[in-house]
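Novice: The sequence isn't on hand, but the structure is:
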């Protein structure tokens, strides 16, 4: 019986049927789509997010003033000269000689401008042991790291001549160079290693090279197509390197998962004795449908990032949404065509000693493998306990997850300073700490961007002087406050070292003092003057404020639309509610692990990290959206299988057992791949990347084990037939369920011959 002989419903079944009948056309269209997308993207080029569009509020206003004035701020550099002996002072002859040597040495490189002596700028610490020589790098600040090496070497030569002093450089360019030297290829290595890791796990899962290559090939081509589409779309909504990395991460995860779900179901049906044609039809009607439901749900979750109002998040959300949509379409179109073309050859390249029984069962020989509905022995044993005592299992598992989630109640978020981001892995971190100790806030001062109708007007000059004086007298800064005027643009930059330095909380209090007291009393009294305050501390503060404001709309959008999709897809109010609750519990547990490890430092050494007292600002919302979407992969797949078994006439409890144990293999394989890929990012040196990698990996692991293996079956067992409850007033809603799976399941197994081609 072919697909054409059976009336089918649903996009997935129809797409699978068409692709299997027109397999060369389907493959050709997919290849053409990937090539065209890449070509168009290359021709269009990618437009990246501007700095002025990164944030709203004062930081946005300041960046906009600078952009409109076309002022190119140079990369500022500082040389710390510090006496090693307690009694030595900046007024000593040897110290003055070292300062003069630094000024001459850096100036002689020809790479710097505006070199200032600490004796002119008064940048000498209160204890008199430290002084700062400051200057700017010539040329574009974004490429200054490529030109700073001669300056660094000049400073090193002076250090050799003055061993009694500590002479070291820090600044935007030197930090950029040291970061690139140490970690510049970290991301590339992580991204490149993700593919072979996934392939290796798939080889173990399938035991055959061709079967393992299919999911990776689908994921990689989906990523390639999306990279091209990002270039085109960026002209409407700018993209970024971060969005590109997130897209790759999500694309690999869902691309492999979707193909894995489809391929394992088709393989399972063939191993059960069905002919290749019927196996493909059942896979299209069941796993294909689950992929579409899951894909649409993930897309909705990713779309939640568009409500943050943050350009970086909007770029990540749109890029992730696109790669999920492309991977979903590829899974239900080109994959059935490839499986139809390959037939039994999907088992080619079998790895010795891996899944030998499965390899023989591909021929349909009876008794060569365990029956498909027996599933995993491990999960069968777990399910026996869970289904025998569902109430106890539910209470224990929920208690465990709530205990894991408990630390999240004290979550603190902030942008990580250099010392927290890199710890001791960069030598420049020590310089950063010494500068902050001697000149609190000096390494990352607040920057007041003053725009006036006439920056040289007497009242504006007087207000600038007043601002400098009040900033220090108010306790917001200990100075020195530096003012740089761009008269031709009627703009001035005021650099204010904040009291608190690298202590983010104290620095933010100093910032609030500047904004709420110092500015209104000085610059705020001059008509026509704008004075937004930006800088690292201000950016972190404004980012936090905007992110907190966007949490409610993002949360509401994702939860409400995910609920509606589950309701329409399964026509069960109970399934929709439990899906949301379980996913929220999974995310909460991930938050708890993050706070325990990275905020409190509990077990941080196990993941090569340290407790830094905070979670990076952008991560909680990012994790919520990503995890809520990705966890639907497993949930939809497992619940679809349970529903399918129930439609065949099994009791609810038996359907639960069947659905969980028969999907255990594919869910485990998919989870292992996700955990391995995310864990790679947890090995990077940046604390924020460690937090992201560990958070994602932990959440996926919890989701695939405690949630899907214990909580879901326990909850459904307790609910019984109420799992399928739908109020009468909701019965008129659109019916998006596809029940052809039950019909396909009635097709008796046949003795397909390995290698036969399928005409459908």
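Specialist: Here it is on my side, so go on. Here the structure is a predicted model, which is why all the values come from computation and not from measurement.
Novice: mind listing the strands in the stretch 601-750 of the chain by residue range?
Specialist: Using DSSP state E, counting those that start in this stretch, the strands of the stretch 601-750 of the chain run over residues 615-616.
Novice: What of the chain?
Specialist: 76-83, 112-116, 130-137, 165-171, 413-414, 446-451, 482-486, 491-496, 533-534, 615-616 (DSSP state E).
Novice: tilt between the third one and strand 76-83?
Specialist: For strand 130-137 against strand 76-83, the angle by axes from the mean of the first three to the mean of the last three CA atoms, to 10 degrees is 160 degrees.
Novice: same deal with the fourth one?
Specialist: What separates the directions of strand 165-171 and strand 76-83 is an angle of 160 degrees, with the same axes, to 10 degrees.
Novice: returning to that earlier point: of all the strands of the chain, which one is nearest residue 254?
Specialist: Closest to residue 254 of these is strand 615-616 (CB to CB; 24.0 Å). Every C-beta, even on glycine, is put in place using the N, C-alpha and C of the backbone.
Novice: List of residues touching the closest one?
Specialist: Contacts with strand 615-616, where a contact means CB atoms under 8 Å, 6 or more residues apart in numbering, come from 411-416, 594-595, 598-599, 687-688, 691.
Novice: Quick check: most distant residue from the centroid of this protein.
Specialist: residue 93 (53.3 Å; CA atoms, centre = their mean).
Novice: Please name the residues that touch residue 288.
Specialist: 10, 12, 13, 15, 16, 262, 331, 332, 336.
Novice: same thing with residue 309?
Specialist: 56, 546, 549, 550.
Novice: try 7 Å this time
Specialist: 56, 546, 550 (CB atoms under 7 Å, 6 or more residues apart in numbering).
Novice: Adding distance to residue 396 as columns, could you present the strands of the chain in a markdown table?
Specialist: Shown next, in a markdown table, are these (distance: least, CB to CB, whole Å):
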| stretch | distance to residue 396 |
| --- | --- |
| strand 76-83 | 56 |
| strand 112-116 | 65 |
| strand 130-137 | 58 |
| strand 165-171 | 52 |
| strand 413-414 | 31 |
| strand 446-451 | 51 |
| strand 482-486 | 61 |
| strand 491-496 | 55 |
| strand 533-534 | 51 |
| strand 615-616 | 28 |
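Novice: Which of these comes out lowest on mean pLDDT?
Specialist: In terms of mean pLDDT, the lowest-scoring of the strands of the chain is strand 413-414 (a mean of 80).
Novice: who does that one pair up with?
Specialist: In the sheet, strand 413-414 lines up against strand 615-616 (parallel) (DSSP bridges).
Novice: Excluding residues flanking it in the chain, which one is nearest residue 701?
Specialist: residue 675 (5.4 Å; CB to CB, 6 or more residues apart in numbering).
Novice: any idea of the pLDDT on that neighbour?
Specialist: 87.
Novice: now do residue 600
Specialist: We have a pLDDT of 88 for residue 600.
Novice: go on, residue 356?
Specialist: On pLDDT, residue 356 comes in at 46.
Novice: follow-up on the earlier one: out of the contacts of residue 288, who's the most crowded?
Specialist: Within those, most neighbours by other CB atoms under 10 Å means residue 16, with 34 neighbours.
Novice: how many neighbours does the nearest residue to that residue once chain neighbours are set aside have?
Specialist: In this structure, residue 16 finds its nearest non-sequential neighbour in residue 284, 2.6 Å apart by CB to CB, 6+ apart. A total of 34 residues lie near residue 284 under the criterion other CB under 10 Å.
Novice: Perfect, I'm done here.
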